[in-house]
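*Asks:* need coordinates for the below:
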Amino acid sequence: MLSALPGIRTLAGYRSAWLSKDVVAGLVLVTLLVPQGMAYAELAGLPPITGLYTSILCLLGYAVFGPSRILVLGPDSSLGPMIAATVLPLLGAHGDPARAIALASALAILVGAFMVLGGLLRLGFVADLLSKPTMIGYMNGLALTILVSQLPKLFGFSVDANGFVEELKGFVRGVADGKTVGAAVAVGVFALVAILLLQRILPRVPGVLAAVVLSIGAAQLLSLADHGVKLVGTLPKGFPPLTVPNLELSDLALLIGGALGIAVVALADTIATASAFAERTGQELNGSQEMIGIGAANIGAGLFQGFPVSTSGSRTAVAEQAGARTQVTGIVGAVAIGLMLVLVPGLLRNLPQPTLAAVVIAASLSLADLPGTSRLWHQRRSDFFLCVAAFLGVVLVGVLQGIAIAIALSILSVFRRTWWPYQAVLGRAPGVPGYHDLASYPDAECLPGLVIFRFDAALVFANTRAFRDRIVKLAAAEPKPRWIILAAEPNTGVDTTAADMLEDLDEAINAQGVSLVFAELKDPVRRKIERYELTRTIDPSHFFPTLSAAIEAFRRETGAEW
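*Replies:* Reported below is the predicted structural model:
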């Protein structure tokens, strides 16, 4: 059983030459994991220390169960608002931090359980429920929501509000009421500018670490606490014990919906990141094992006062640039964070809270994809409007509701293309081989008495009316056709509703002297038609292997010429 675990298999074939690279990469990774973990914990409405607990356990869990050698999991900015949206309503006003931790831990365990179960059932395809346009819109909405939620902390005050609109109103009201702390704005903006500039000018320099170190130095030298700037303070010493969250049954029922949404987002993010890095490292993607790896990471975090985690593309890129070779990088990072908690818990006590806000804001900016949104506008307007709808769903309705809207829009987009597929009448275009859409080639010629029709979808219950109406319209056109050839290569299936429609349709147009003829029908679809006994009404001789064969048969029967 142990040899079946990806991490154990890696260790079994571990090379000594990899160790120095993995150790260096793990230590470099810690410089990002510590400040980001604390910042994302606060984004989720939890104490900063839980971000460090989460980072340790998720790194260890994925190192054993995860298949990717360099993928880095941890607290994620895209999940923070979803965790808060699930946990905060259960806390009520002035909620107990201990209860918040218990709820978030239970949420992580649920996410992990769903992931592991999905991996065992090979349900990695669930990530495909989020199309690229809706995912872009969702991430854009998330970026704006996160940005607005962190502005009060950046300005040195807090807002008691939930949702984008209320938080924006609260921030504007706080600024208007003079709650802004000048020193907090100064250190927060300085940290944000430092992170963004270093990312652009010196990408190899860890901008987050530089901003944290400089902010701590400024807090000590300038006594920022005396000027109203809130500091992180000394973290609890030691490591949390194994803890099974104690919850009411009613809490569990409400957490399940949030856990499902978080699982879908984490899976989509992980599959996309793992695919990209697998191509670069020559590995093969194992979606089901990735689900088990993410699940193990979340369960591990949940059992030690952590919260749900996902893959981080930016931290994985840092690990790769630092020379990471295997999952040992994550183990080194986890051990280093654990030693910090045990030996030097006061290391970050002078870290200003506005700096943590700057870390989160910088991450939120990286979530937004404005060039991708612009590309959708120029390439496909319908996808652009899907993107905008997902964006508005997150901003106006809520983060959890936004992911549900994004998934629903993705599914509806697929259904719409099946419901109203593209339809074309074909002709022979001068100088172009084959038969082509008359809308694209208006000069294409047609044989007298013949209509060649293409319907770009499987024939199913949703589009039978659209198909029937078009065929009836073509059969009633003047001059009246004798044959309507269906160029059936795109028709990958026929369900029973469509079969009944074809039988009635064939009888109706036969009464008008028009025959429905099939060309290039796939063998599995042809067998279905025979099983439905449609050949009782549709002439068996009206099935042709190619479009050219059907046209030649029509010409022989009618003597028609181009």
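*Asks:* show me the shaky parts of the stretch 51-200 of the chain.
*Replies:* When residues are selected by pLDDT under 70, those of the stretch 51-200 of the chain lie in 92-94, 126-130.
*Asks:* all the helices of the stretch 51-200 of the chain, in order from the start?
*Replies:* Using DSSP state H, counting those that start in this stretch, the helices of the stretch 51-200 of the chain run over 80-91, 97-120, 132-154, 164-176, 182-201.
*Asks:* which one of these lies closest to residue 462?
*Replies:* With C-beta to C-beta as the measure, helix 132-154 is the member of these nearest residue 462 (20.5 Å). Just so you know, the C-beta spots here come from the backbone N, C-alpha and C atoms, and that holds for glycine as well.
*Asks:* how about the CA coordinates for that closest one, as CSV?
*Replies:* Provided in CSV are the C-alpha atoms of helix 132-154 (Å, rounded to 0.1, in the frame of the first residue of the first chain):
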residue,chain,number,x,y,z
LYS,A,132,-12.7,29.3,-19.7
PRO,A,133,-15.0,32.4,-20.2
THR,A,134,-16.9,31.8,-17.0
MET,A,135,-13.7,31.1,-15.1
ILE,A,136,-12.2,34.4,-16.3
GLY,A,137,-15.4,36.2,-15.2
TYR,A,138,-15.4,34.5,-11.9
MET,A,139,-11.8,35.3,-11.2
ASN,A,140,-12.2,38.9,-12.3
GLY,A,141,-15.2,39.3,-9.9
LEU,A,142,-13.2,37.6,-7.1
ALA,A,143,-10.2,39.9,-7.7
LEU,A,144,-12.5,43.0,-7.3
THR,A,145,-14.2,41.6,-4.3
ILE,A,146,-10.9,40.8,-2.6
LEU,A,147,-9.5,44.2,-3.4
VAL,A,148,-12.4,46.0,-1.9
SER,A,149,-12.5,43.8,1.2
GLN,A,150,-8.8,44.6,2.0
LEU,A,151,-9.0,48.4,1.5
PRO,A,152,-10.2,49.2,5.0
LYS,A,153,-7.3,47.2,6.5
LEU,A,154,-4.9,49.0,4.2
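*Asks:* just to revisit the earlier point, mean neighbour count, the helices of the stretch 51-200 of the chain: which tops it?
*Replies:* Ranked by average neighbour count under the criterion mean count of other C-beta atoms under 10 Å, these are headed by helix 132-154 at a mean of 24.
*Asks:* list the buried residues of the longest helix along the chain.
*Replies:* Counting residues, the longest helix found in the chain (DSSP state H) is helix 249-281. Neighbour-count burial for helix 249-281, counted by 16 or more other C-beta atoms under 10 Å, picks out 251, 255, 258-271, 273-275, 277-278.
*Asks:* and the strands in this structure?
*Replies:* Assigned strands in the chain, in chain order: 73-74, 310-311, 423-427, 436-437, 450-455, 483-487, 515-519, 543-544 (criterion: DSSP state E).
*Asks:* adding mean neighbour count and distance to residue 383, write the ones you listed out as a markdown table.
*Replies:* Output for those, formatted as a markdown table (neighbours: other C-beta atoms under 10 Å; distance: least, C-beta to C-beta, whole Å):
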| stretch | mean neighbour count | distance to residue 383 |
| --- | --- | --- |
| strand 73-74 | 28 | 30 |
| strand 310-311 | 28 | 25 |
| strand 423-427 | 19 | 21 |
| strand 436-437 | 16 | 22 |
| strand 450-455 | 22 | 22 |
| strand 483-487 | 23 | 27 |
| strand 515-519 | 21 | 32 |
| strand 543-544 | 19 | 36 |
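*Asks:* wait, which of those strands is closest to residue 207?
*Replies:* Closest approach to residue 207 among the strands of the chain (C-beta to C-beta): strand 73-74, 17.2 Å.
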